[in-house]
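**Q** 3D model of this:
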Amino acid sequence: MALDRQRIVAEAVALLDAEGLDGVTTRRLAARLGVQSPTLYWHLPNKAALLTAIADAILDQEFGDMTPPQPEQPWQDWLSGLAERLRRALLAHKDGARVVSASQLSHHMAAISELAMSTLVARGIPLRQARVIVLTVERFTVGHVLEEQAPRPDPDTLKHFDLDTFTRQHPTVVAAVTEYFQPGRTVDDLFRDCLEVVIEGAAVKAAATP
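**A** The predicted structure follows:
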């Protein structure tokens, strides 16, 4: 099979899923493709370009089709849906949030931002405020997934964790976590509830702007 950029990126995404971001090296990628590392540089000149290509591939799976909201759809609901799609795209791959946050030149991420900002501007929100709203939503979403995908404490660490002492020192924190995660409530609900605070707060501020 001929080696081209599409095949390299597809194999890089597979390597990401298998090994995580720290395991994505040109040496390992070249070995999976059965070539020498310098061969990859004909298609992707450096590690940064590889990360950007992986980020675009991750986002393309969820954002192959993007459309603005219907005229009757509130921009808040539409933007919330966009953020949920972004979260799904990141969660679909190991370290997906790390990849996208490390990629500064992703065309797909720029396209998402362009559509979101232009949509808000079309709804009468000043450009500067539209940019702040969109960046806040995007960065909240990526940051939330970064925490979701962070490694859990290893057993040795947990052996030395004193839950009773922690609870006495931070009773409100523990009570809030316990109260929130009642049966049937998940981290998906937590994401949506936090996202609602972000977007509804932005909507109130946007409505108050002369």
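**Q** Report the contact partners of the spatially most central residue of the chain.
**A** For the chain, Val142 is the residue whose C-alpha lies nearest the centre (Cα atoms, centre = their mean; 3.6 Å). Residues counted as contacts of Val142 (Cβ atoms under 8 Å, 6 or more residues apart in numbering) are 86, 90, 97, 100-101. To be clear about C-beta, it is placed using only N, CA and C from the backbone, and glycine gets the same treatment.
**Q** Please list all residues in contact with the residue nearest to Gly96 when sequence neighbours are not counted.
**A** Spatial nearest neighbour of Gly96, chain neighbours left out: Leu90 (3.8 Å); criterion: Cβ to Cβ, 6 or more residues apart in numbering. By Cβ under 8 Å, 6+ apart, the residues touching Leu90 are 58, 96-97, 100, 141-142, 145, 149.
**Q** Reformat the residues you listed as JSON lines; add pLDDT and secondary structure.
**A** As requested, the contacts of Leu90 are exported to JSON lines (pLDDT from 0 to 100; DSSP: H, G, I helix; E, B strand; the rest coil):
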{"residue": "Ile58", "pLDDT": "96", "secondary structure": "helix"}
{"residue": "Gly96", "pLDDT": "97", "secondary structure": "helix"}
{"residue": "Ala97", "pLDDT": "97", "secondary structure": "helix"}
{"residue": "Val100", "pLDDT": "96", "secondary structure": "helix"}
{"residue": "Thr141", "pLDDT": "98", "secondary structure": "helix"}
{"residue": "Val142", "pLDDT": "97", "secondary structure": "helix"}
{"residue": "Val145", "pLDDT": "98", "secondary structure": "helix"}
{"residue": "Gln149", "pLDDT": "96", "secondary structure": "helix"}
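**Q** Closest one of the residues you listed to Ala116?
**A** Checking the contacts of Leu90 against Ala116 with Cβ to Cβ, the nearest one is Thr141 at 11.4 Å.
**Q** The closest one is in contact with Arg192, isn't it?
**A** No. Here Thr141 does not reach Arg192: they are 11.2 Å apart, not a contact under Cβ atoms under 8 Å.
**Q** Between these two, tell me which one has more neighbours.
**A** Shown here are Thr141 and Arg192; by other Cβ atoms under 10 Å, Thr141 has more neighbours (24 against 14).
**Q** List the contacts of the more buried one.
**A** Thr141 makes contact with 83, 86-87, 90, 195 under the criterion Cβ under 8 Å, 6+ apart.
**Q** Could I get the full set of helices for this protein?
**A** Along the chain, counting by DSSP state H, helices occupy 5-19, 26-33, 37-40, 47-63, 75-91, 96-102, 107-122, 127-149, 155-159, 163-169, 171-180, 187-208.
**Q** Any idea which of those gets closest to Pro69?
**A** Among the helices of the chain, the nearest to Pro69 by Cβ to Cβ is helix 75-91 (3.6 Å).
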